[in-house]
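>>> sequence and predicted model, in that order:
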Amino acid sequence: MTTVSIPSIPLKRATLEAFGSLRGVALRIVSDARFYQILFLSVFLLYGIAVLGWDVDAWKFVLTVGTCFLTQLFFTAATSKDYYSLLSAAISSLSLCLMLKAGEAGVIALAAFLSIAEKFVLRINGKHFFNPTNFGICLAILLTGQAWISPGQWGNNGFLLLLIGSLGLIVLVKVKRFDTAAAFLFTYIGLLSFRHIVYQGWPVDFLFHQLQSGTLLLFTFFMITDPVSTPSHPWARIGWAAAVGALAFVLQSYYFVNGSPLWALFFLSPFTLLLDKLFKHSNFKWKQQ
Amino acid sequence: METTMKRFFLLAALALGMQPAYSFCGFYVAKADAKLFNTTTQVIIARSGQHSTITMSSDFKGDVKDFAMVVPVPKVLQRDDIRVVERVLFDKLDAYSGPRLVEYWDENPCYTRMMDAISMNMVPQAAEKSSKREMAFAEDEIKTVRIEAKYTVGEYDILILSAEESGGLERWLLRNGYKIPEGARDVLEPYIKSNMKFFVVKVNIEELDKSGSQLLRPLQVSFDSPKFMLPIRLGMANSHGKQDMIVYLLTPNGRVETVNYRTVKIPSDRQIPEFIKEDFGDFYVDVYKTACKREGSNNIFLEYAWNVSGNAGVKCDPCTGTPPVITDLQEAGASWLSANGNWNGMTGRAFFTRLHVTYDREHFPQDLVFQETPNRENFQARYIITHAATGPLKCEEAKNYLANLKQRRTLELRELASLTGRDIGKYYEYLNKVQGYVPGEESDPIPLPEITPEKIKRVTQPKLAVVPDTITESQAEEAVVPVTGDSGNIDQAKFINDETDNQPVQEAGRSNSYLVLSASILISALLLLLRSRRT
């Protein structure tokens, strides 16, 4: 009678092994800081759709996510074969869904493709120096003229400040990039305050209104703090983030550029290479935190 | 020198180097019993590249002699940059772009012929009101204020002032008979520090008398500036009340949205009860107020967006007023368009956006900043009523029809509740009232359960997100659209799908984007290949 269970032993073992490896993958994903980014970006997207009533075209989301994943798969297969990097593709595609506006499939596919391809093609000394989403959005706007961003789409309210800020902080703590966010915000908001509040005499709520912009917060906590594409040395990074803040201020206040932080980051990203050369420091690698 | 104090309007206007806008400073406080839109201020902004033309229509209601306004402008305007336009331009644009009601008629299931028609009304918009009064400008400048230019344009005397500090400007205005609201100094300061000039307007009584009219015409200014914005802060100098403004924007490429506030679409394409036809104006006011409440007080609402280019086949659908023709658009400042002899009358692209904002000091700490997007998707605030079938309803088919009708009307009432926040319990009779069928009569063919007010209330909790759009595509396509607006231009009212309109533009963009995409893929592949060879 006891022999009945014998044939089931190998089966059990196989099941356990399969379960074990699945569990391993799941554990690795959950312990990766990118997992939190994906989770939080998804929350923002749901908030935008359900609460703010954004226009939703499901096909645009599918196209964005599909193009990002396919491009990532292709390049990963051709290079490192580290398939956990698909997590990065998920972040890029979610960020694109959150920020990029376009009416046509070609423009959306272009932005998604450029976001991912940039990481593999524009790579020097093992490091890519543009934030993928930022690169995809800016180039899609510049090259086609048929894409845009809507800095006003989030509205301005304290709840958003709390939501994006606190969730963003969790990610920053995990990837240890609080310095970048602080340096950028300090410079950008500091200069804006000086010009608008101290010099021009606007009331203080002018500044609060600016601070509560969802687009600015998203940029601060989820874009400029990208640990991979920013300068590796802490001081270089702080200086560079401050420069992005200063340029964003100038573009906004003197050239009336909308969404100026995005453009400032785009134009200053190549300087990451120079800074990395001047200030030696080991490159960031995504790993279990 | 005029010594009497004049009542003073501050028209907020252009912010630095940008297009100006205006708004009145604190003379209107919304009252619960007043129709919100009765005091709407209207502005037209036409902008292409860096060139802006802004037309401002005042809703001034007092004595014309009391009229004065101050608008910050980005630079000293020349005489040719300023003109007056006829008020009818605003009436046209308003009539064309206002929210609309569309009617459908059910077919009597007991008849074979179809009774099908549609008409529409538009929301009555703000009536024109304005007035004027003579105000002489004093010449005794205070040192820090300089008169840069002085013109008489139509019935207006205009000064362009520059100031070094707000205290000086305030004193100058006071000394010259302007009664400045308290707090004006603080709101003037940021504009002075931004190097803006002040466009100061009063009424020239002689000129006004010559014109034989007591109505003030809208003023239009043009200038080049990199900034695309509308200063509203000046208008809030002495008021904590709400002010209402409609902005019509004409641009070449696509829809305009605000950059520093959320632009929200007003609910549209909703199926509402038949009786709304009686008070559509009030209904829309409630819709707007409810939307403001639901979305928050710091948003801008999109009420209309349409491609009005020469090559756009359908300029509205349905039309509530004659679509603007080339002369209207040029009058409004769309100087990039040119007339031609073709059927469409114009060469060049133009897109019309209508934004509606109710602002106050608390919720709008910054001036409105706009951006033009490549988005050429059309949008309109449209509400649909479907009339029940008329005639006797005693055949077998009527059973199903009446059951469906009751269900539909329940949904319509729910829609009404969610759109307007009204207590719909009082409308319960609507569910059971159909001409040709009276419940309770002996001849009643269908013993449908009565719906009581309590029951409706239970099923009609306002949950906007849950209520589906009840009009279907097929219904929409069946529609024929005559017009009952003041235009009477029925020829314009053809029902054509919006998308035909967008095709040329989208095609152009598409070919471009696919080309760039292909090139990017090629370049990436090449670079990757080079990299792999090197390593």
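Nice, I can see it. The structure presented is a predicted model; accordingly, all values stated were derived computationally and were not measured. Numbers count the residues shown, from 1 in each chain, chains lettered A, B, ... in the order given.

>>> by mean pLDDT, flag the weakest helix or strand of chain B.
strand B:120-122 (a mean of 32; mean pLDDT, DSSP states H and E).

>>> where does pLDDT dip in the stretch 51-200 of chain A?
Along the stretch 51-200 of chain A, segments meeting pLDDT under 70 span A:175.

>>> for it, which residue gets nearest to chain B?
Shortest the stretch 51-200 of chain A-to-chain B distance, computed as Cβ to the nearest Cβ: residue-wise this is A:G106, at 3.2 Å. C-betas here are computed from N, CA, C, even on glycine.

>>> in which helix or strand would I find that residue?
Applying DSSP states H and E as the criterion places A:G106 in helix A:105-121.

>>> what sits against the residue nearest to the residue of the stretch 51-200 of chain A closest to chain B when sequence neighbours are not counted?
In space, and not counting its chain neighbours, A:G106 is closest to B:S513: 3.2 Å by Cβ to Cβ, 6 or more residues apart in numbering or on different chains. By Cβ atoms under 8 Å, 6 or more residues apart in numbering or on different chains, B:S513 lies in contact with A:104, A:106-107, A:109-110, A:143-144, A:146.

>>> B:R47 is in contact with B:E372, isn't it?
Yes - with contacts counted by Cβ atoms under 8 Å, B:R47 reaches B:E372, the gap being 7.2 Å.

>>> who has more neighbours, those two?
Just comparing B:R47 and B:E372: by other Cβ atoms under 10 Å in any protein chain shown the higher neighbour count belongs to B:R47, 23 against 19.

>>> identify the bridge partners of the closest residue to that one other than its chain neighbours.
Nearest residue to B:R47, sequence neighbours excluded (Cβ to Cβ, 6+ apart): B:T251, at 5.6 Å. Per DSSP bridges, residues listed as beta-bridge partners of B:T251: B:F351.

>>> any idea which element A:G48 lies in?
Here A:G48, judged by DSSP H and E, is contained in helix A:33-50.

>>> hang on, I meant B:S162
Going by DSSP H and E, B:S162 is in strand B:156-163.

>>> touching that strand from outside, list them.
Contacts to strand B:156-163, defined as Cβ under 8 Å, 6+ apart, come from residues B:73, B:76-77, B:82, B:84, B:135, B:137, B:144-152, B:169, B:172, B:188, B:192, B:197-204, B:207, B:216, B:219.

>>> which helix or strand lies directly C-terminal to that strand?
Next in sequence after strand B:156-163, counting helices and strands by DSSP H and E, comes helix B:166-175.

>>> OK, contacts around B:F364?
Counting by Cβ under 8 Å, 6+ apart, B:F364 touches B:232-233, B:236, B:261, B:298.

>>> run the last query once more with 7 Å
Residues in contact with B:F364 (Cβ atoms under 7 Å, 6 or more residues apart in numbering or on different chains) are B:232, B:298.

>>> and B:A525, by the same measure?
For B:A525, counting by Cβ under 7 Å, 6+ apart, there are no contacting residues.

>>> give me the distance between it and B:S52.
Remark: distance between B:A525 and B:S52 (Cβ to Cβ, to the nearest Å) = 45 Å.

>>> now do B:G436, the pLDDT please.
Listed pLDDT for B:G436 reads 52.

>>> please identify the helix or strand for the residue nearest to B:A332 when sequence neighbours are not counted.
Once flanking residues are discounted, B:A332 sits nearest to B:I44: 4.9 Å by Cβ to Cβ, 6+ apart. When elements are assigned from DSSP H and E, B:I44 belongs to strand B:41-48.

>>> and that strand, what other elements does it pack with?
Packing partners of strand B:41-48 (3 or more Cβ pairs under 7 Å, 6 or more residues apart in numbering or on different chains; DSSP states H and E): strand B:51-57, helix B:88-97, strand B:243-251.

>>> give the buried residues for that strand.
Within strand B:41-48, the residues that count as buried by 16 or more other Cβ atoms under 10 Å in any protein chain shown are B:41-48.

>>> again, but for stretch B:48-55
Neighbour counts over stretch B:48-55 (16+ other Cβ under 10 Å) mark B:48, B:52-55 as buried.

>>> list the buried ones in stretch B:163-178?
Buried residues in stretch B:163-178, counted by 16+ other Cβ under 10 Å: B:163, B:165-166, B:168-173, B:176-178.

>>> what of stretch A:70-87?
A:71-72, A:74-76, A:79, A:85, A:87.

>>> chain B contacts on the stretch 101-250 of chain A?
Neighbours of chain B within the stretch 101-250 of chain A, by Cβ under 7 Å from any Cβ of the partner chain: A:103-104, A:106-107, A:109-110, A:113-114, A:117, A:120-121, A:143-146, A:148, A:150-157, A:199-203, A:205-206, A:209.

>>> for ChimeraX, what selects the buried ones among those residues?
Applied in ChimeraX, the following selects the buried portion of those according to 16+ other Cβ under 10 Å:
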select /A:103,104,106,107,109,110,113,114,117,120,121,143,144,146,148,150,151,152,153,154,155,156,200,201,202,203,205,206,209
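
>>> domain map for chain B?
B:1-30+B:51-85+B:128-240, B:88-123+B:252-522 (automatic domain parsing).

>>> strands of the stretch 51-200 of chain A, residue ranges please.
Assigned by DSSP state E, counting those that start in this stretch, the strands in the stretch 51-200 of chain A fall at A:100-102, A:123-124, A:127-128, A:147-149.

>>> using a markdown table, lay out these together with distance to A:V257.
Formatted as a markdown table, the strands of the stretch 51-200 of chain A follow (distance: least, Cβ to Cβ, whole Å):
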| stretch | distance to A:V257 |
| --- | --- |
| strand A:100-102 | 17 |
| strand A:123-124 | 28 |
| strand A:127-128 | 25 |
| strand A:147-149 | 11 |
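
>>> once you drop chain neighbours, what's closest to residue 199?
Went with chain A since none was named. By the measure of Cβ to Cβ, 6+ apart, the closest residue to A:Y199 outside its immediate chain neighbours is B:K193, 6.0 Å from it.

>>> could you do chain B instead?
Nearest one to B:F199, counting by Cβ to Cβ, 6+ apart, is B:V71 at 4.3 Å.

>>> and the one you found, what helix or strand is that in?
Using DSSP H and E, B:V71 falls in strand B:68-73.

>>> then B:R217?
Going by DSSP H and E, B:R217 is not in any helix or strand.

>>> quick check: it vs B:F223, distance?
20 Å.

>>> which residues touch B:F379?
If you count contacts by Cβ under 7 Å, 6+ apart, B:F379 has them with B:265, B:302, B:304-305.

>>> what do you get for A:L110?
With contacts defined as Cβ under 7 Å, 6+ apart, A:L110 is in contact with A:140, A:144, B:513, B:516-517, B:520.

>>> just the helices in the chain please.
Using chain A. With DSSP state H as the criterion, chain A has helices at A:8-31, A:33-50, A:58-78, A:86-99, A:105-121, A:132-144, A:158-175, A:178-192, A:205-211, A:214-222, A:234-254, A:260-268, A:271-278.

>>> let's do chain B instead
Under DSSP H, chain B gives helices at B:88-97, B:166-175, B:184-193, B:205-211, B:280-295, B:326-331, B:397-420, B:453-459, B:473-478, B:498-534.

>>> residues in contact with the third one?
The contact list for helix B:184-193, computed with Cβ under 7 Å, 6+ apart, reads A:199-202, B:10, B:72, B:163, B:165-167, B:169-170, B:233-234, B:237.
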